[in-house]
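K.L.:
sharing a model that was predicted from the sequence below.
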Amino acid sequence: MSHLISSTTMLQVARKNGYGITAFNVHTLEMLQAVVEAAEELNAPLILQTTVGTVKHLGPEYIVAAAQTAAKKSNVPIALHLDHCTDYDLLVKCIREGYTSVMIDASMFPFEENVARTIEVVKVAKAAGVNVEAELGKVGGVEDDIIVDEADANLAIPEECARFVELTGVPTLAPAIGTAHGIYKGEPNIAFDRIAEIARIVDLPLVLHGGSGIPSEQVRRCVALGMSKMNVATELRIAFSNAIKDVFTANSDENDPRKYMVPAKQAVKALAMEKMQLVGCAERAAQLKF
Ligand code: 13P
């Protein structure tokens, strides 16, 4: 494929064809390599994403270099997305460094303020050929430093979604529809009617946040209704960490990082392949010609 691409077109194609594309939060080089290998093995388009915390932890230059290397070596389309950013300057820095998709999360502000902040980002991102995602309503749970109490989480309002898209020109929308970041205590309480109503009046790829722990049948329903991107973070972290814990349980003296990183990478790859098959993006890479 040779270079990182914007996720706008790949998500539009997914929405039009009724499948989803998985966006995986990665925190280490091995996690990034694992999801890239999963995409290659399934011939699937891929969205790599990092939280602001990971950008600060690794540095955007290292992340972009690794993602660009993956894109250069790989024959599947790959986008690099900045997840849940509230800081305009950091967001612009990531675009300058080479991110091809960004999320401006101003969902904690009143509607007008969310609109105003999103417009500013759409302006700069469009000029750079970069995708933009914005959130309406409030997704509950914990994602990096963004903590939304269950009581404060609220669903997106369909009419507001349509107005928001019209006012901002944002190409991808993440409406809160009842999922939460992190692991669910019980089953998620997904508002399927709400998704259907939003998808009916907003003809854009919709984003499903909180992809970890949603029962498969419910994921399929969300995708069929128009959720074209599914974010997965927590489950990948758990798979990665559990594989490492297993190595140390078997040999607490292990001191060669390759001995625990290889099984951790394999665990992430296997899980990523499962999620890709679930949303239906396997064998979809060829559909995207750039
Ligand atoms: P999970 O951690 O629940 O998978 O959510 C990921 C997410 O939505 C990142 O934005």
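P.N.:
Nice, I can see it.
K.L.:
average pLDDT for stretch 230-246, rounded please.
P.N.:
What stretch 230-246 shows for mean pLDDT is 98.
K.L.:
show me what counts as buried in it.
P.N.:
Within stretch 230-246, the residues scored as buried using 16 or more other CB atoms under 10 Å are 230-240, 243-244. In short, each C-beta sits where N, CA and C put it, glycine included.
K.L.:
using PDB, write down the CA coordinates of that stretch.
P.N.:
Taking C-alpha atoms only, stretch 230-246 is exported to PDB below (Å, rounded to 0.1, in the frame of the first residue of the first chain):
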ATOM      1  CA  MET A 230     -15.600  -0.500  16.200                       C
ATOM      2  CA  ASN A 231     -13.000   0.700  18.800                       C
ATOM      3  CA  VAL A 232     -11.300  -2.100  20.900                       C
ATOM      4  CA  ALA A 233      -8.900  -1.200  23.700                       C
ATOM      5  CA  THR A 234      -9.400  -3.000  27.000                       C
ATOM      6  CA  GLU A 235      -9.700  -6.600  25.700                       C
ATOM      7  CA  LEU A 236      -6.500  -6.200  23.800                       C
ATOM      8  CA  ARG A 237      -4.700  -4.900  26.900                       C
ATOM      9  CA  ILE A 238      -6.000  -7.800  28.900                       C
ATOM     10  CA  ALA A 239      -4.900 -10.400  26.300                       C
ATOM     11  CA  PHE A 240      -1.500  -8.800  26.100                       C
ATOM     12  CA  SER A 241      -1.000  -8.600  29.900                       C
ATOM     13  CA  ASN A 242      -2.400 -12.000  30.700                       C
ATOM     14  CA  ALA A 243       0.000 -13.700  28.200                       C
ATOM     15  CA  ILE A 244       2.900 -11.900  29.900                       C
ATOM     16  CA  LYS A 245       1.600 -12.900  33.400                       C
ATOM     17  CA  ASP A 246       1.400 -16.600  32.300                       C
END
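K.L.:
returning to that earlier point: in helices, which of the buried residues of stretch 230-246 fall?
P.N.:
With helices taken from DSSP state H, the overlap with these comprises Thr234, Glu235, Leu236, Arg237, Ile238, Ala239, Phe240, Ala243, Ile244.
K.L.:
turn the buried residues of stretch 230-246 into CSV, columns for distance to His209.
P.N.:
Shown next, in CSV, are those (distance: CB to CB, whole Å):
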residue, distance to His209
Met230, 9
Asn231, 5
Val232, 10
Ala233, 9
Thr234, 11
Glu235, 13
Leu236, 14
Arg237, 15
Ile238, 17
Ala239, 19
Phe240, 20
Ala243, 25
Ile244, 26
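K.L.:
which one of the residues you listed sits closest to Tyr184?
P.N.:
Nearest to Tyr184 among the buried residues of stretch 230-246 is Thr234, at 9.9 Å by CB to CB.
K.L.:
got a pLDDT number for Val122?
P.N.:
Val122 is assigned 98 on the pLDDT scale.
K.L.:
hang on, the earlier thing: just the ones in helices among the buried residues of stretch 230-246 that are near the ligand?
P.N.:
Among these, the ones lying close to the ligand by the criterion of CB under 6 Å from any ligand atom are Thr234, Glu235.
K.L.:
out of the ones in helices among the buried residues of stretch 230-246, which one sits closest to the ligand?
P.N.:
Thr234 (3.4 Å; CB to the nearest ligand atom).
K.L.:
got a list of what the closest one touches?
P.N.:
Thr234 makes contact with His181, Gly182, Ile183, Ser212, Gly213, according to CB atoms under 8 Å, 6 or more residues apart in numbering.
K.L.:
circling back to that earlier point, got CSV for the ones in helices among the buried residues of stretch 230-246, with distance to Glu133 too?
P.N.:
Converted to CSV, those look like this (distance: CB to CB, whole Å):
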residue, distance to Glu133
Thr234, 19
Glu235, 20
Leu236, 19
Arg237, 21
Ile238, 24
Ala239, 25
Phe240, 24
Ala243, 30
Ile244, 31
